Structures are given as C-alpha cells and as structure tokens.
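**Q** predicted model and sequence follow; I will ask about them next.
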There are 2 protein chains.
Amino acid sequence: MADKITPRNKNYPQWYIDIVIQAKLADYSPVKGCMVIRPNGYALWEKMQEILNRMFKETGHRNAYFPLLIPDSFIKKEAEHVEGFSPELAVVTRAGGDKLDEPLIIRPTSETIIWSMYKKWIQSYRDLPLLINQWANVVRWEKRTRLFLRTTEFLWQEGHTAHETAEEAQEETLKMLFIYQKFAEEYMAIPVIAGEKSESEKFAGAVKTYTIEAMMQDKKALQAGTSHFLGQNFAKAFDVTFQSRKGDLEYVWATSWGVSTRLIGALIMSHSDDKGLVLPPKLAPLEVVIVPIYKNDTKTGIMNYADRLCKSLTGKFSVKLDDDDQNKPGWKFSEWELQGVPVRIEIGPRDMEKNQVVLARRDTGEKITVNKEHVAEEVKKVLEDIQNNLFRRAASFRQKNTFHASGYGEFKEIINADGGFIQAGWCGSPACEAGIKEETKATIRALPLARNGNGKKCIYCGKDAAVTAVFAKAY
Amino acid sequence: MADKITPRNKNYPQWYIDIVIQAKLADYSPVKGCMVIRPNGYALWEKMQEILNRMFKETGHRNAYFPLLIPDSFIKKEAEHVEGFSPELAVVTRAGGDKLDEPLIIRPTSETIIWSMYKKWIQSYRDLPLLINQWANVVRWEKRTRLFLRTTEFLWQEGHTAHETAEEAQEETLKMLFIYQKFAEEYMAIPVIAGEKSESEKFAGAVKTYTIEAMMQDKKALQAGTSHFLGQNFAKAFDVTFQSRKGDLEYVWATSWGVSTRLIGALIMSHSDDKGLVLPPKLAPLEVVIVPIYKNDTKTGIMNYADRLCKSLTGKFSVKLDDDDQNKPGWKFSEWELQGVPVRIEIGPRDMEKNQVVLARRDTGEKITVNKEHVAEEVKKVLEDIQNNLFRRAASFRQKNTFHASGYGEFKEIINADGGFIQAGWCGSPACEAGIKEETKATIRALPLARNGNGKKCIYCGKDAAVTAVFAKAY
C-alpha cells in the first residue's frame, strides 16, 4: 500500500507532491526539471486532449505539426518575443557529428516557425482565416520546477490563427478564451476568472493576453490557459501579407492560444483531499470500480455476482472489477481512493443475499445502498452529482476566499494572513503594480473584460482607478 | 487549381513529391531535413493513431510520456546502441544561458531514458509485465531526407515492454509485429511480408529485429514497422533486476516496437496514381464529397437536393458538400481526386429530375447511377469494395513483381532490369549479404519466421542455404 499522504494543513506543497507520486501520475526523471508522465497521469491528458480536440474542431480548427527545432535567427525576429524567451532557451549546437553553422533552438513556443510557413501559404484573403492547432512538446529552461505545474519540458496544444482583420482576430482570441473557460468549468469542474493580463504579465510578442485564472486549495491563483491577440507583430516580423478584398496588400492579423499539462496540476490541487486524488467524472479514465468482499466460503458466489454486475455496466461506464486476490478490501478501498475513482461499488455476502450493492462516493465518502436492478441509473445520477458537487464546492471555496480591499493596509493584511483573491482598484500604472508585487508578492491575475474603475481609487497610489483588478499570489 | 502532377512512368520520385506538396500533406520547413505536416497529412496520422491506439490498448498497453532530452552518458551505456546511433545525434550543449555540464541528446529513440525509469519501477515479478507505449517526436540527423519517408524529425509511437522471461518477451515481440501486419493489411490496404531482419539490418541494441516490408509501386521495398526482442541488453546496461517467483534476482527481458509518420509515405506510394492521392476508405478523413452541377436557373433546386442528401449521409459517413461558388465542377472533380476522397457524388439537373445521383469511385474512376433512396447503402458497399480492391490490387502487383532466382546472374538481371522482390537462398554469411549489397544495391529485407533453406544454395557463394531470404532495393 502507498505511504501516508502528508495532510494539506500540515504541508500543502508536500501533499501535492505526495499525490502526484503515490497515485503514479508522474515521476522525476534523470534530466533536471523534466518529468515522466506515467500511464495514470497520461490517461488524464488523453481525456483532456479528446475533449479539447472536439471543441477545437467544432470551431473549425485543424491539427498540424511543425518542427521542434527553430533557427536561432527566427526567434530574434520579433523584438519582445526574443527578450521574453531568450533566458529560457535550450540550444542545439552540434548534430550528426558536426558543429552547426546556425544554432537551433528547441521550440519554447512556435509562433516564429509557424509564421515563417504562413508566409508561404497565405497570398490572398481567400487563404484566410487559417485556423491551425498543434499538439506538441516544448522546452523552457526553468530554474525552479514542480511536477506538472512548471517543468522544463511540457506537453501542450498551441493554436495559431491568421485573419483578415483586427476585429476577426480579436473575436477569435476571445472565442478560444471562452472555450478554455467552458472546458475548465464544465469538464474540470474548476471555476475560473476570464480576463485580460496587465502589460507586465502578457505574452512576449502579444498585443493583448487573456487568461483564465483558478484558485487552488491553498488560495493561490493558477494561470490555467492563455489566449493572445498578436496584432500584426509576427506578420511584420516574417513579412506575411495578403491581397485584401479591396486589392491592397496588408499584413495578416494573428492569434495564438494554449493550455498545457499544467492543467493536470490544477485538477489535482482543486479537488483532491488527504486520501488522494479526487477526479471529476467527466475526466476520470475509470469511473467505477467494483470491490468484492468475501471469505473463502463466499468467494465463488460473490465473484459471480460481481462479475455479472460488471458486465451489465460495461459499455455504459468505464468500469473495472478489482478481482486481485492478494489484497484485502480495505487495502483496495484506500488504493482506489488514492487513484480518485469517482464511484466505488462494494459487494459483500449480505448485499448479495439482499440483491443489493453499496455505492461509495469519492467526493463526500457517502455510501448508499442500491437495489441491483437500479445500479446503472443510480451510478449515472451519482456521477452527475459528483461532477456538479465538485464545481459547487470549488466555487464556494473561491467565493469565501475572494475579498474586496478598500485600502492598502487592508490589502496587505489579507495577503499576509490567509491569502485569496483580492478585488481592488488599480490606476493602471506599472509602478503601482510593481510596488504591490515587491511588497506583498501578489500580482494582478486578471483585469475584467469590460474595464471599469467603478469609482474606486488605486489600492496603491490612491489616484482614480482605471479598473478593478484581481490580485493574488500565484503559481 | 493544382499544377500538373508528374506521371509515375516519367519520374517516380518527382511524382511522389508532387502529390505530397499538391495535396498539401506536408511541406519543406526552413530547418534542413525537417518537414511541416500540414492539416491534410496530419488528419491521416490522427486516423492511424486512433486505430493503433485501440489495438495497443486492447492488448493491455498504456500510454505514457518520457523526456525528450537524454543525458549523453545514458546513450553510451549500451555498446551497440551508441555505435548505431551516435552518427545521427542532435546535441543540446547550452540551456538557460549556460553551458551544460553534460550535453543532452534529443531522443533518437527512448530505450535508455525509459530503462533508467524502469529501474525505479520494477522490483518484483509482480511489477511485470510492464506494457507501455509512447507517442512522440524523435530526431535522427539524416544526410539525405525525403518528405515522410526519411526526415530529421519524425513522429512515431514506441512501445517499450518489460517481462519476466525470454519466452514472454519473444511472444510480445511477435504479437506486436502481427498487430502491425494487421494494421498495414486491413486498414492501410498494403500487403506486407512479416519476417526477421538479418544481423546487419537489426536495431542497434536488439537481439532480434522483426519487420514488415511493403512493396511500393516502383517495386522498391519499404520497411513499414519494426518490433525488437531486446533480450536483457538494456536491463543489464541500466541494472534493472527483479525478484523472480523463485526468489532469485534476475535481469528483466525487454521488447520495443515502433511505426512512424513514414507510414504516410508508404500509403501514398502504394495506392496513388497520376491524378493524386488514393486513400483506403478506412483511413480517409473524408469519405464522400458531394459536387453539385448547376447553372444559374437550376442552382437553388440542385443545392437543396444536394443539401438534403448531405444531411441524410451525415453521421453514417464523413461527408462534405462542396458548395463553393468560385470553382467549376470540373475543377472540383480534379481537386477532390487529388485529395484522394474515395467516393464523389455528382448531382446535375437530370439526376434531380430522375431522383438519382451519380457515384464516382476514386480507385477505378467507375461511375454508377443510384436511386436517391439507396445512396447510403450503395456508398457503404462501394467504400468496402474500394478498401478490398486497393488491397487486392497491391497484392497482385507484388505477386507479379516477386521472383525466384536460382543463380546470381539471374538475380542481377532481375534487379538491374525492372527490380522487385527476389526470393533466393542465403547461407547466412554477412560477407555474402555485403557482397550482394555492394554489387546490386539489393539488401535482405526479411527472413521468413520459420527458417528453412528448402534445399536451396546460397545465391552468392553457392554453399547450402540456411534460409530463403527476400532481397530488394529499398527506401
């Protein structure tokens, strides 16, 4: 059986790592900062990919694949882009036994290589919009890493679209932001704030960056996905023009947007408890596990009963009968709780006699007794209920830990005490933002889409607020 | 409209490239030897992944993800492995602004990094078998590259399994070989020879390498997938032992197996013709395209008719109504033929009057008239028939171009004339194999699984043959 998991209230970061390791989601690799995603963790990623792929394709996007390696000179073509990424690059200098004439960069993101291709593919407005997504690995040389949350190499999807007009690109940027929000809330059961990033937090090379921000159980914020309006920055850097409907030659408008294996970290930190992983049913690779409880004399009967039940649920749910003979039921209960399986079905001799089973919910621990004839409908109901309950629980937790601060003293008090999200006025000056960060470690997580100071004053300098910002400490 | 495709009989290699570029399957990238897989090509890869994933999971394998970067010292731990791969490695020497203490290799294949992890995960026979697959990109610095067939970076899956006994590992090796064969024959409609590689052609680090070999339309062989029995080579290199059922400490037995985006090249070169791509229906992202034929006065009626038909086929097939107003029907016919869509449905005014449609098959060009009420069943039948016909056609082509040579003179004559597969005796000596390669460029593609010389003589030295080998020039 797994070692004990450090309780959240004792050591939250250690609790997180304990779950990742003991639920066999990921492991440390021999390469500094790189993780191994084990089958249990990768199954979560596959579920996420499946759902996101459907959402992307329904909105007209197609998948493609661009090279891992990018010429050094490409990265340097967009001024802000190179400034943002150059400290994090991994560089190939030798290949095939020779020193390369020009070093190659392992992609930290693919705008540059993709826009060098878009130059070949886009001539006229008839080639637009170009809506492409890529599932890929990227490398950013991070100093401090943590499994799933920040790793040197990670898996992600990156959408890169090209449009005729600024309006169309802006619309695409927000459309994808809202798809991310929908995915987070309806599938991951994580409520998120969708908003804009401040200038200092935006993507290197973007005109505007939008984000979805989630609150973890330690009340810190986690950026769960971003969508960027790139303006004509990359089109100009790579000289990508098109003949417009009017016959003019114009630069193309761009967006990019991405989510990564970091989402798995967000999923763990939003719902799990001191027993292990808790998964929203819509993302659980295994929805139901059946654990038979027998002694030697009842084994055959129970196993037949359990086996028939398992067969009757197969096809309706992802279900597994734990028929391992080496471990006791109590051990199995703990193990499947650690793995986060939403529903456990227990079957003992008395249940068999009474033609019933016991359903145990992973989220609340609640057990209900169900007649054998109604197991399928009851499981369906319970799974839906768990999905909804996890979202409600997380939303209520976030609400309880979201504060309004009217003065900087109060602001610092909240941040230094228990943390959470703080909504406060901000004048828009980078100096105030930097001062707050320096003094409290809190950053602006998001600005509301419809900007409005609501008559507030800037929480730092006291001047009129341009906007109400959401501040928090963050991952 | 697309440029003309070079006919096969004029310039076969150019014909292949023309199809890849004009059907927008892939494009050259600015990084030497690396390709961009465009949406049309990537859709084929996604279909292949979907089917192979199902086959892998049905046989108990689970997906995972291991790091892209491998410490230099790991690659060197298995003597044959480093010898085989060191000329092809891409090396990261700088990262995060600093020179690395130990260079990192971009994985050319993942045995070493995976077995370093298996050492952590395997202690007892209860941890075995360990059946893991990974979908990933790999880099091998190739001197001469060709889109899909040989590129510096390519996408693939690599299975890596660990077993208690040599027998079990051998069994796994062949099981996966036969899965590849089934995939090639039943889905790609490509007949393959499943056999063993000779010593000189085996994977660097394997005890035995098995292969599936297909014949392309230029009569050259293409290695389409390999499955390796690795013995205890990597377990010894990474000191991976387990406590056996008897309580002894033993080295673990291993296999690895993979197919890559090269399969897309095989698919193109097996079935396509001078009009463009020809796709087996089971792998076609789009199965049916509807092309309406109208003049101004018949447009509304025809479009309604076509639209109703399209709706009635949706859900049953992957279908698209080409309602583009800018291009003429003839242009559309050529374009969809270039894309390899298996069935085209043409609807003109006379068809509408008679309550019928015309189905055109991509493989034979044959057209049949079908009553509107029976379109779905007829399309289903035609798709099945195309799938079978493509396989039969390829099998018959291979049969016509497979020869038996009884003497070396005859052997050379066949190879130098028209090429093809030659079955001939081989004594088993590497010197004979090397002599043949040197003098004719033909290599041993596969040795039959049940080795038998059949009383033959070695085609090169004339001594008793140990085996009947299949020789051919190859990609």
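**A** Yep, that arrived.

**Q** restricting to C-alpha, output stretch A:27-37 in PDB.
**A** Presented in PDB, the C-alpha positions along stretch A:27-37 are these (Å, rounded to 0.1, in the frame of the first residue of the first chain):
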ATOM      1  CA  ASP A  27       7.800  10.800 -11.600                       C
ATOM      2  CA  TYR A  28      11.100  12.700 -11.500                       C
ATOM      3  CA  SER A  29      13.400  12.000 -14.400                       C
ATOM      4  CA  PRO A  30      17.200  11.900 -14.500                       C
ATOM      5  CA  VAL A  31      17.100  15.100 -16.600                       C
ATOM      6  CA  LYS A  32      16.900  18.100 -14.400                       C
ATOM      7  CA  GLY A  33      13.400  19.700 -14.400                       C
ATOM      8  CA  CYS A  34      11.900  17.200 -16.800                       C
ATOM      9  CA  MET A  35       9.200  14.800 -15.600                       C
ATOM     10  CA  VAL A  36       8.000  11.400 -16.700                       C
ATOM     11  CA  ILE A  37       4.200  11.300 -17.200                       C
END
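
**Q** neighbouring contacts of that stretch?
**A** Stretch A:27-37 is contacted by residues A:21, A:25-26, A:38, A:45, A:141-142, A:145, A:147-148, A:151-153, A:155, A:261, B:64-71, B:74, B:104, B:113, B:116-117, B:120-121 when judged by CB atoms under 8 Å, 6 or more residues apart in numbering or on different chains. Heads up, the C-betas are built off the backbone N, CA and C, glycines and all.

**Q** recalculate using a threshold of 6 Å.
**A** A:26, A:38, A:142, A:145, A:147, A:151-153, B:64-67, B:69, B:116-117 (CB atoms under 6 Å, 6 or more residues apart in numbering or on different chains).

**Q** repeat that for stretch A:220-230.
**A** Stretch A:220-230 has contacts (CB under 6 Å, 6+ apart) with A:169-170, A:173, A:176-177, A:180, A:184, A:203, A:206-214, A:216, A:254-257, A:259, A:266, A:445, A:472-475.

**Q** 7 Å - rerun?
**A** Residues external to stretch A:220-230 that are found in contact with it (CB atoms under 7 Å, 6 or more residues apart in numbering or on different chains): A:169-170, A:173, A:176-177, A:180, A:184, A:192, A:203, A:205-216, A:254-259, A:263, A:266, A:419, A:421, A:445, A:472-475.

**Q** now stretch A:27-43: how far from the chain's centre is it?
**A** The chain centre lies 17 Å from the centre of stretch A:27-43; the measure is CA atoms, centre = their mean, to the nearest Å.

**Q** ends of that stretch, what's the gap?
**A** 15 Å (CA to CA, to the nearest Å).

**Q** in that stretch, what counts as buried?
**A** For stretch A:27-43, burial by neighbour count (16 or more other CB atoms under 10 Å in any protein chain shown) applies to A:27-43.

**Q** filter those residues down to just the ones in strands.
**A** Counting by DSSP state E, the buried residues of stretch A:27-43 place A:27-28, A:35-37 in strands.

**Q** what is the nearest of those to B:Ala136?
**A** Distance to B:Ala136 across these (CB to CB) is lowest for A:Ile37, with 11.1 Å.

**Q** nearest spatial neighbour of that closest one, chain-adjacent residues omitted?
**A** Once flanking residues are discounted, A:Ile37 sits nearest to B:Tyr65: 4.1 Å by CB to CB, 6 or more residues apart in numbering or on different chains.

**Q** run a quick neighbour tally on the one you found.
**A** Around B:Tyr65 there are 24 other residues, counting by other CB atoms under 10 Å in any protein chain shown.

**Q** isn't it right next to A:Thr151, touching?
**A** No - between B:Tyr65 and A:Thr151 there is no contact under CB atoms under 7 Å: 11.0 Å.

**Q** which stretches of chain A form helices?
**A** Along chain A, the stretches classed as helices by DSSP state H are A:12-22, A:39-58, A:72-75, A:79-85, A:111-121, A:166-182, A:233-237, A:262-271, A:299-313, A:329-339, A:349-353, A:375-400, A:408-416, A:430-440.

**Q** got the phi/psi numbers for A:Thr152?
**A** Phi and psi for A:Thr152, reported as degrees, to the nearest 10, are phi -60, psi -50.

**Q** tally of neighbours for the nearest residue to A:Val139 once chain neighbours are set aside?
**A** Of all residues not flanking A:Val139 in the chain, A:Ile106 sits nearest, at 4.3 Å (CB to CB, 6+ apart). Using other CB under 10 Å, A:Ile106 has 25 neighbouring residues.

**Q** let me know the pLDDT of A:Ile106.
**A** For A:Ile106, the pLDDT comes out at 98.

**Q** how close does it sit to A:Phe85?
**A** 11 Å (CB to CB, to the nearest Å).

**Q** next: A:Glu50.
**A** Noted for A:Glu50: a distance of 30 Å to A:Phe85, by CB to CB.

**Q** okay, the two: which has more neighbours?
**A** Neighbours around A:Glu50 and A:Phe85, counted as other CB under 10 Å, are more numerous at A:Phe85. The numbers are 22 against 10.

**Q** for the more buried one, what are its contacts?
**A** Residues in contact with A:Phe85 (CB under 7 Å, 6+ apart) are A:75, A:108, A:204.

**Q** mind redoing it with 10 Å?
**A** By CB atoms under 10 Å, 6 or more residues apart in numbering or on different chains, the contact set of A:Phe85 is A:75, A:78, A:105, A:107-109, A:111-112, A:140-141, A:203-205.
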